[in-house]
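1. here are the coordinates; sequence isn't available:
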């Protein structure tokens, strides 16, 4: 009979790595809970450009931005292969189970995106997972080639958009200057202003009036804020998914499948292999990310420059840094070092869905209009104190929960829906 993986069948190193990624992703997500969403791609629309706030951004950019999402995506791809292999080993056709599993993840993600937080990633994982499932039997070499091609697709798309944004911004500024000078605008200038607003490009260059309107919206909350949340979510699931998410996340999933086939993720390769991943990832990857960070600062976080070129340094470098993170975690697991730490991280990883949703709920309780209303009151550096507190709570509570229960609450619900029957929750022996 089809059934969830028992505790004894789990790959401990994957759980540890998933725990690291789960905690790390909060470092990037929390500014979007607590500060203006206009802070992307310019993080200092709110948060400050100096002191602790600046260096917080530097650490975020170097070690976390796109790196933790990359690890999550790789693990999701590896998980598809493991899920299918173990279902097949039980004599069960994995296709139906996978698509039931994916459907319920999609539904959970939609609830999360539209009712809790627009930055949801579960919907993207479900949609990508529905496609890459058919690649699960490919050899590692084919997976690596297709993954590389897929992940390269957003680069020219972004460059083209950056060029268009630059042209439109120049035309808009020219028209606005002419209008302020009292000149009669030409048809082309009027069209440029209309196109700028219709395309939503003004959101990349927010002015004080837009920031103040955002503040009033966040403080008032209610139905208007839900509509705004729905607008952001729908953009993520359509335009952003088609031009960026599918290619980046789907490619990372294929890379994760390849790493599983190459036995990288079970900590069974040599320390020399993991050392090479660390050296390449941190040596080359961090260098690329640093070049990009310097370019962003030099260009004043200009959105057009970001899309055209500056963001690509981190886009490419983040893959290498993520592989460096993977190599480091696998080396620690292979050496059997830091057992108390890796044990807690593995517990966080086994409850990744619960902990991911819990991070959103806690942050909403802290920053939303119906919670403590702390939105916009904390600096980027101060937010890291909240991150540390949530980390401590999840590292402490996850092992305690799993000492008595087989799954986290969200994992239990997901598995019960996938297998069409209520799964036993309390531990009575696997």
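-> Great, that's in hand. Only a predicted model underlies this, so the values are computations on that prediction, with no experimental measurement involved.
2. From now on I want contacts and neighbour counts done on CA atoms only, so please keep to that.
-> Fine.
3. tell me which element residue 196 is part of?
-> helix 187-198 (DSSP states H and E).
4. in that helix, what counts as buried?
-> The neighbour-count check on helix 187-198 (16 or more other CA atoms under 10 Å) flags 189, 190, 192, 193, 196 as buried.
5. Next up, the contacts around the nearest residue to the first one once chain neighbours are set aside.
-> The reference is to residue 189. Closest residue to residue 189 apart from its sequence neighbours, by CA to CA, 6 or more residues apart in numbering: residue 175 at 5.2 Å. Residue 175 makes contact with 185, 189, 190, 192, 193, according to CA atoms under 8 Å, 6 or more residues apart in numbering.
6. Just read off the phi/psi values of residue 221.
-> Here is the backbone geometry of residue 221 (degrees, to the nearest 10): phi 70, psi -150.
7. actually residue 405, not the one I typed
-> Main-chain torsions, residue 405, degrees, to the nearest 10: phi -130, psi 150.
8. For it, list each beta-bridge partner.
-> residue 426 (DSSP bridges).
9. Could you single out the nearest of the buried residues of helix 187-198 to residue 221?
-> residue 196 (27.5 Å; CA to CA).
10. The most centrally placed residue in the chain sits in which helix or strand?
-> For the chain, the residue nearest the mean C-alpha position is residue 69 (3.9 Å; CA atoms, centre = their mean). Per DSSP H and E, residue 69 falls inside helix 67-89.
11. So which elements touch that helix?
-> Judged by 3 or more CA pairs under 8 Å, 6 or more residues apart in numbering; DSSP states H and E, the packing partners of helix 67-89 are helix 12-34, helix 94-111, helix 122-132, helix 246-261, helix 311-335.
12. What lies in contact with it?
-> Applying CA under 8 Å, 6+ apart, the set of residues contacting helix 67-89 is 2, 14, 17-18, 21-22, 24-25, 93-95, 98, 125, 129, 132-133, 136-137, 249-250, 252-260, 318-319, 321-323, 326.
13. cool, and stretch 134-141?
-> Residues from elsewhere that reach stretch 134-141, judged by CA under 8 Å, 6+ apart: 80, 81, 143, 254, 257, 258, 259, 261, 262.
14. Next, report how far that stretch is displaced from the centre of its chain.
-> Mean-position distance between stretch 134-141 and its chain equals 24 Å (CA atoms, centre = their mean, to the nearest Å).
15. before we move on, the earlier item: so of the helices and strands packed on helix 67-89, which one's packed in deepest?
-> helix 246-261 (a mean of 27; mean count of other CA atoms under 10 Å).
16. Around residue 199, count how many other residues there are.
-> 11 (other CA atoms under 10 Å).
17. picking up where we left off before, state the pLDDT value of the residue nearest to the centre of the chain.
-> At residue 69, the model reports a pLDDT of 97.
18. same thing with residue 42?
-> Looking at residue 42, its pLDDT is 78.
19. and if you look at residue 317?
-> So residue 317 comes in at 98 (pLDDT).
20. can I assume it is in contact with residue 289?
-> Yes. Using CA atoms under 8 Å, residue 317 makes contact with residue 289 at a distance of 5.3 Å.
21. list the buried ones in stretch 129-142?
-> Neighbour-count burial for stretch 129-142 [16+ other CA under 10 Å]: 129, 130, 132, 133, 135, 136, 140.
22. what about residue 87, neighbour count?
-> Per other CA under 10 Å, the neighbour tally for residue 87 reads 21.
23. Could you do residue 208 as well?
-> By other CA under 10 Å, the burial measure for residue 208, its neighbour count, is 9.
24. So for it, what's the pLDDT?
-> pLDDT recorded at residue 208 is 88.
25. try residue 10
-> According to the prediction, residue 10 has pLDDT 84.
26. And residue 88, by the same measure?
-> Note for residue 88: predicted pLDDT of 88.
27. going forward can the numbers begin at 216, since that is how I track them
-> Shifting the count to begin at 216 puts that one at residue 303.
28. how about the helices and strands packed on helix 282-304, which one is nearest residue 371?
-> Judged by CA to CA, the one of the helices and strands packed on helix 282-304 that comes nearest to residue 371 is helix 526-550, at 9.9 Å.
29. Quick check: which helices or strands does the closest one pack against?
-> For helix 526-550, the elements it packs on are helix 227-249, helix 282-304, helix 486-495, helix 501-513, judged by 3+ CA pairs under 8 Å, 6+ apart.
30. Select the longest helix from this structure.
-> Longest helix in the chain by number of residues (criterion: DSSP state H): helix 369-395.
31. what's the angle from it to helix 461-476?
-> 150 degrees (axes from the mean of the first three to the mean of the last three CA atoms, to 10 degrees).
32. backbone phi and psi for residue 631, please?
-> Dihedral angles for residue 631 - degrees, to the nearest 10 - are phi -60, psi -40.
33. any chance of the helices and strands packed on helix 282-304 in TSV, with distance to residue 634 too?
-> Putting the helices and strands packed on helix 282-304 into TSV (distance: least, CA to CA, whole Å) gives the following:
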stretch	distance to residue 634
helix 227-249	22
helix 309-326	7
helix 337-347	17
helix 461-476	23
helix 526-550	31
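34. Kindly check the end-to-end length of stretch 361-377 for me.
-> In stretch 361-377, first residue to last residue: 26 Å (CA to CA, to the nearest Å).
35. Check the average confidence over that stretch, would you?
-> 97.
36. what's the closest non-adjacent residue to residue 335?
-> Once flanking residues are discounted, residue 335 sits nearest to residue 328: 5.1 Å by CA to CA, 6+ apart.
37. what about that neighbour, neighbour count?
-> 23.
38. same check, this time on the one 3 residues further on
-> Residue 331 has 20 neighbours, counted by other CA under 10 Å.
39. how near is it to residue 531?
-> 31 Å.
40. still on that earlier bit, for residue 562, which of the helices and strands packed on helix 526-550 is the nearest?
-> helix 227-249 (7.2 Å).
41. Show me what the closest one is packed up against.
-> Judged by 3+ CA pairs under 8 Å, 6+ apart, helix 227-249 is in contact with helix 282-304, helix 526-550, helix 554-565, helix 567-582, helix 595-617.
42. Of all the residues in the helix or strand following that helix, which ones are buried?
-> Scanning forward in sequence from helix 227-249 by DSSP H and E, the next helix or strand is helix 266-274. Buried residues in helix 266-274, counted by 16+ other CA under 10 Å: 268, 269, 271, 272, 273.
43. Helix 266-274 packs against which elements?
-> Using 3+ CA pairs under 8 Å, 6+ apart: helix 266-274 touches helix 595-617.
44. What lies in contact with the helix it packs on?
-> With CA under 8 Å, 6+ apart as the test, helix 595-617 has contacts from 238, 241-242, 245-246, 249, 262-263, 267-268, 271-272, 558-560, 562-563, 566, 570, 574, 623.
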